[in-house]
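[1] Next input, structure requested:
(2 chains)
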Amino acid sequence: VTGPLFLGLDVGSLSCDAVLVDRNGRSVAWTVLPTGARVLDTVDRTRREVLELAGVGPAAVAATVATGYGRERVEGRIAAVTEITCHARGITALLPGTDVLVDIGGQDSKAVRLDHSGRVVDFAMNDKCAAGTGRFLEAMARALEVDVPDLGDLDAEARTGLTLSSMCTVFAESEVVSLVASGADVAEIVAGLHRAIAARTQGLVRRVAPQFDGLEVAMSGGVARNRGVVRALAAALGRPVTVPDEPDTVGALGAALIARDRALAADPAP
Amino acid sequence: VIRDHFAELVTGLEARLADAGPGEPVARKTFALEAAQLGLRLFSGEAPVAWCGVLAPFDLLHAVGFEPCFVEFVGATLAGNGAAPPLLQLAEAEGADPTSCSFHRTALGAVASGLIPTPEVVIATSAPCTGGLAVVEELARRLRRPLFVLNVPHSRHQAAVEYLAEQLHDLVGFLAEVTGRSLHPGRLREVVELTNRARHAMVEIDRLTRHVPSPARPRDLVNFALVVSLLLGREAGVRVTGAYRDELERRARDRSPGLQGERLRVLWLQNRIQFRSPVEPLLEELGVAVAVDELNPVTWPPIDPEDPFPGFARRMLSTPLVGGLAHRLDHVVRLARGYRVDGAVNPCHWGCRQGSGARGLVDRALREAGFPVLNLEVDCVDQRTFAEGQVRTRIEAFVEMLAERRPARELEA
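    Take a look at the predicted model:
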């Protein structure tokens, strides 16, 4: 890799993601590490790891932009930009023409409305509760005694799906435990969970796009790796939901591209 | 406890005003001093207090000889000092619905803990919200004081003005009957003239704050019109509004912006957050000026000193939160255009049925007029529910979005 590189760091509640792009905006390397309790240590490790993957040293990075809930804690950044703007920038680079982006991360879910040039024109976030986010799915996987990555396909054989009475993480976890204890089919429980998340997310989408007929919908964030949630959301919206190859790095990619845009605007030949 | 707090506040503010150098901004300190003195009078146990609904005609009550105040003032003051949470808990323990308005729940907690001075009389208003009406009624019941309810119609027609003016006459009769305090026409004329002088200065303040960049400093006009309504009909009201007018005039003339580096302007809907939160510092840091608060601009015509009752009634009915929502929607869109804002912030105060009910329509009206809206979903009094990270992300993302739009809007212009 030659020439200056631009680093995007997305410090989320569950994962810390890094993407390096070159001056043409092409992704050179990326990595995702669990955030854990020591955020600053994780940021350092993520930064080191992505540089190693690219085979360059820290001096190759011309500019860094941080995003995610820990964005203000990243040292050496030229800016801290919110996840909303970064995910919008990232998805526009990966899937141009996206009208609505759904980003479900560790503890936030967001719907973002984009205009034809990829600018954010409206957004809505989940209220003060993490129902339907990555944390919620982690708790449900624990209650079902399955691994989180396996949740996405567990509902493939479900017929109708069960209806959960609460989306509160605590109440839903105990309800799932009771359902398992009473012999309910795990596939039906998982289908019910995915449908509940989709219904909640559909509400967020409606807030930014009351009519979503004909709109291009994409999904980013770690939860987009769960195929069951994506399928349920597409069914709830009545629209296909497109997921890029590495959905959890879309925010970091957007941050890297913003770092590139700003650095090149300030000095076209860094 | 509250009396001592206000006494301390008065002493501190008097000292700071005395030390203020030439050209130093004093309007906000003058306003804070008058509000603290009002608090001191209310809690001194000496003044004849009237606890009221927020729309009560406070100048008329001054003319009769009362020290009137709306109950939400208690909630806001206690929240400002960080003292609301235990009172909210107390009110909830006594049965207040935790999803109800926390301005009112705090007032109920204050009554339950004996912090509210017993009034001579209680005057409720059926608008702007039935929650407020219920709390004022409850206060009268608990403190065993006579209650008068002003039924505020949801119309602005002449018949509604006459209906409300008639009730205000009845109120004066009621006050004379139950407290022995009567209204002297000469005193009423004096009071109305003071109200009109303050109103005139407020109209000037509205005009001056339309300047871009705004000459008002970020926190200058927080809670302004609501608290000034308690000073109408008094020299204090003339003093405070005059201080603001003069200071804003000077700053506008000197092209001295209230917020250095103002790059975006917003309309703030309904109430401000009353406890210390990072919201206003963050807006300042991001170069966002709150150009206008929905409830600050003057919406009522001058009051005729010879026949003031219809004027008091018109003022009550002109409030944006009274009546059908069409009036409020027109008001907020007019403000957004007149103050040339980039967008609007709606705190969506939890528990405010009226605010929550109107939220979608206010949102749509402003968006259709080209003004994006940020719905914060906070409780303006109960700091226990404040989610700083979420609020910060919403504000920063909203500002990033507005900043992206700005060049496009400037090109369109």
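[2] what helix or strand is residue 191 on?
    Picked chain A for this. For A:Ala191, the element it lies in under DSSP states H and E is helix A:186-208.
[3] look at chain B instead
    helix B:185-208.
[4] Is the helix holding A:Ala191 positioned near chain B?
    No - if you take C-beta under 8 Å from any C-beta of the partner chain as the test, helix A:186-208 misses chain B, and the best it gets is 8.8 Å. C-beta: built from backbone N, CA, C; applies to glycine.
[5] Quick check: which ranges of the chain have low pLDDT?
    As the question left the chain open, I've gone with chain A. Applying pLDDT under 70 to chain A flags residues A:1, A:128, A:270.
[6] Correction: the question concerned chain B.
    For chain B (pLDDT under 70), the answer is B:407-413.
[7] Most proximal residue of it with respect to chain A?
    Across chain B, the shortest distance to chain A (C-beta to the nearest C-beta) belongs to B:Ala397, at 3.9 Å.
[8] if we can go back for a sec, return the set of buried residues in the helix holding B:Val191.
    The neighbour-count check on helix B:185-208 (16 or more other C-beta atoms under 10 Å in any protein chain shown) flags B:188, B:191-192, B:194-202, B:204-206, B:208 as buried.
[9] Then stretch B:322-342?
    For stretch B:322-342, the neighbour count (16+ other C-beta under 10 Å) marks B:322-323, B:327-329, B:331-333, B:335-336, B:339, B:341-342 as buried.
[10] Reformat the residues you listed as JSON lines; add secondary structure and distance to B:Ala165.
    Listed next are the buried residues of stretch B:322-342 as JSON lines, based on DSSP: H, G, I helix; E, B strand; the rest coil; distance: C-beta to C-beta, whole Å:
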{"residue": "B:Val322", "secondary structure": "coil", "distance to B:Ala165": "15"}
{"residue": "B:Gly323", "secondary structure": "coil", "distance to B:Ala165": "16"}
{"residue": "B:His327", "secondary structure": "helix", "distance to B:Ala165": "19"}
{"residue": "B:Arg328", "secondary structure": "helix", "distance to B:Ala165": "23"}
{"residue": "B:Leu329", "secondary structure": "helix", "distance to B:Ala165": "27"}
{"residue": "B:His331", "secondary structure": "helix", "distance to B:Ala165": "23"}
{"residue": "B:Val332", "secondary structure": "helix", "distance to B:Ala165": "28"}
{"residue": "B:Val333", "secondary structure": "helix", "distance to B:Ala165": "30"}
{"residue": "B:Leu335", "secondary structure": "helix", "distance to B:Ala165": "28"}
{"residue": "B:Ala336", "secondary structure": "helix", "distance to B:Ala165": "32"}
{"residue": "B:Tyr339", "secondary structure": "coil", "distance to B:Ala165": "32"}
{"residue": "B:Val341", "secondary structure": "coil", "distance to B:Ala165": "35"}
{"residue": "B:Asp342", "secondary structure": "coil", "distance to B:Ala165": "41"}
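[11] quick one on the thing from earlier: run a quick neighbour tally on the residue of chain B closest to chain A.
    Neighbourhood size, B:Ala397 [other C-beta atoms under 10 Å in any protein chain shown]: 23.
[12] What helix or strand is it located in?
    helix B:388-412.
[13] Packing partners of that helix?
    The contact analysis (3 or more C-beta pairs under 8 Å, 6 or more residues apart in numbering or on different chains; DSSP states H and E) places helix B:388-412 against helix A:83-94, strand A:120-125, strand B:264-268, helix B:279-285, strand B:343-346, strand B:373-375.
[14] Give me whichever of the ones you listed is most buried.
    Among the helices and strands packed on helix B:388-412, helix A:83-94 has the highest mean neighbour count (mean count of other C-beta atoms under 10 Å in any protein chain shown), at a mean of 27.
[15] moving C-terminal of it, what's the next helix or strand?
    Past helix A:83-94, the next helix or strand by DSSP H and E is strand A:100-104.
[16] what pairs with that next one, and is each one parallel or antiparallel?
    strand A:109-114 (antiparallel), strand A:217-220 (parallel) (DSSP bridges).
[17] Touching stretch A:170-190 from outside, list them.
    Identification of contacts with stretch A:170-190 by C-beta atoms under 8 Å, 6 or more residues apart in numbering or on different chains yields A:131, A:136, A:139-140, A:142-146, A:151, A:154-162, A:164-166, A:193, A:228.
[18] Equivalent analysis for stretch B:204-211, please.
    Contacts for stretch B:204-211 (C-beta under 8 Å, 6+ apart): B:215-216, B:221, B:241, B:244-245, B:248-249, B:252, B:291-292, B:296-298, B:338-340.
[19] Which of those fall within helices?
    B:241, B:244-245, B:248-249, B:252, B:338 (DSSP state H).
[20] can you redo those residues as TSV with distance to B:Glu166?
    Formatted as TSV, the ones in helices among the contacts of stretch B:204-211 follow (distance: C-beta to C-beta, whole Å):
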residue	distance to B:Glu166
B:Thr241	30
B:Tyr244	35
B:Arg245	35
B:Leu248	38
B:Glu249	40
B:Ala252	43
B:Gly338	34
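[21] where along the stretch 1-150 of chain B do the strands fall?
    Using DSSP state E, counting those that start in this stretch, the strands of the stretch 1-150 of chain B run over residues B:49-52, B:67-70, B:121-125, B:147-150.
[22] From the centre of chain A, point out the most distant residue.
    Centroid-distance maximum for chain A: A:Ser182 at 34.0 Å, with C-alpha atoms, centre = their mean.
[23] if I look at that residue, how far off is A:Met167?
    From A:Ser182 over to A:Met167 the distance is 20 Å, taken as C-beta to C-beta, to the nearest Å.
[24] Tell me, how many residues neighbour residue 109?
    With no chain named, the answer covers chain A. Using other C-beta under 10 Å, the number of residues around A:Ser109 comes to 23.
[25] try again with chain B
    Around B:Gly109 there are 28 other residues, counting by other C-beta under 10 Å.
[26] Appreciated, that's everything.
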